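*Asks:* no sequence for this one, just the structure:
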Ligand code: SIN
Ligand code: FE2
């Protein structure tokens with residue numbers, strides 16, 4: 001079949017031109033990723049950020065790498081400093097960087113060097129409404145998004161907010177990469193269903209890698 005091809009570690013499923021779902025790409029490395037995440041959390045723990053409109057986000061977040069995505073009453077931005085402790089975000093673990101580079105390559109985006117990793121934690125009921133990732137300087141770089149733990153439904157739409165969106169079920173170890181013509185497509189996560197996962201317990205964790213600066 002022309003629209004299914006074997007990637008290095010599993011199936012690569014095209015979503016739209018520029019966007020691909022790498023099924024199970026991170027499965028083998030998940031234990032190492034989750035172990036490295038513990039170190040990140042020890043320095044910069046989970047927090048619920050406030051949107052510019054004054055709402056507390058249902059998704060808990062933290063960051064690692066030179067830049068971290070933050071939201072507060074003044075807006076969204078990337079910042080080198082964790083506003084929670086006034087210190088630089090913890091370093092991006094090598095296991096994170098390697099996985100992000102390998103996934104980007106498998107999706108056809110060579111030499112991806114992320115400088116920001118946003119870590120999202122969804123507990124049952126948490127959701128992320130349809131949005132574009134547009135706080136980065138250069139849209140020439142792709143986004144690499146790694147799913148760990150409980151399954152979730154990923155919405156993947158088009159360049160306009162009103163464009164119809166696809167519903168893609170994502171499970172532990174799945175990686176979605178989008179860039180090129182799909183770089184500014186809307187996306188989001190439906191409210192997480194309750195469950196218990198052997199790797200993460202009662203939550204889904206998502207690592208989103210970007211070249212932001
Ligand atoms: C995001 O859009 O930043 C995260 C998407 C996800 O959790 O899969
Ligand atoms: Fe996003």
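*Replies:* Received the coordinates, thanks. All values reported here derive from a predicted model rather than from experimental measurement. Residues are numbered from 1 along each chain as shown. Ligands and ions are numbered 1, 2, ... in the order given.
*Asks:* ligand 1 contacts on this structure?
*Replies:* Residues of the chain lying near ligand 1 by Cβ under 6 Å from any ligand atom: 118, 120, 128, 145, 154, 187, 189, 206, 208. Backbone N, C-alpha and C define where each C-beta goes, glycine included.
*Asks:* mean confidence for whichever strand or helix holds the fourth one?
*Replies:* The one in question is residue 145. Assigned by DSSP states H and E, residue 145 falls within strand 143-149. Average pLDDT, strand 143-149: 98.
*Asks:* helices and strands around that strand, which ones?
*Replies:* helix 30-43, helix 94-106, strand 175-178, strand 204-210 (3 or more Cβ pairs under 8 Å, 6 or more residues apart in numbering; DSSP states H and E).
*Asks:* of these, which is nearest residue 168?
*Replies:* Nearest to residue 168, of all the helices and strands packed on strand 143-149, is strand 175-178, at 7.5 Å by Cβ to Cβ.
*Asks:* which strands or helices does the closest one pack on?
*Replies:* Using 3+ Cβ pairs under 8 Å, 6+ apart: strand 175-178 touches strand 19-22, helix 94-106, strand 143-149, strand 152-156.
*Asks:* sorry, back to before: how far is the strand holding residue 145 from where the chain is centred?
*Replies:* 5 Å (Cα atoms, centre = their mean, to the nearest Å).
*Asks:* so what touches that strand?
*Replies:* With contact meaning Cβ atoms under 8 Å, 6 or more residues apart in numbering, strand 143-149 is reached by 26, 30, 33-34, 99-100, 103-104, 107, 112, 114, 133, 154, 170-179, 183, 197, 199-201, 203-210.
*Asks:* could you list the buried residues of stretch 37-52?
*Replies:* 37, 40, 43, 44, 49 (16 or more other Cβ atoms under 10 Å).
*Asks:* next secondary structure after the lowest-mean-pLDDT helix or strand in the chain?
*Replies:* Lowest on mean pLDDT, DSSP states H and E among the helices and strands of the chain sits strand 5-7, with a mean of 50. Next helix or strand after strand 5-7 toward the C-terminus (DSSP H and E): strand 10-16.
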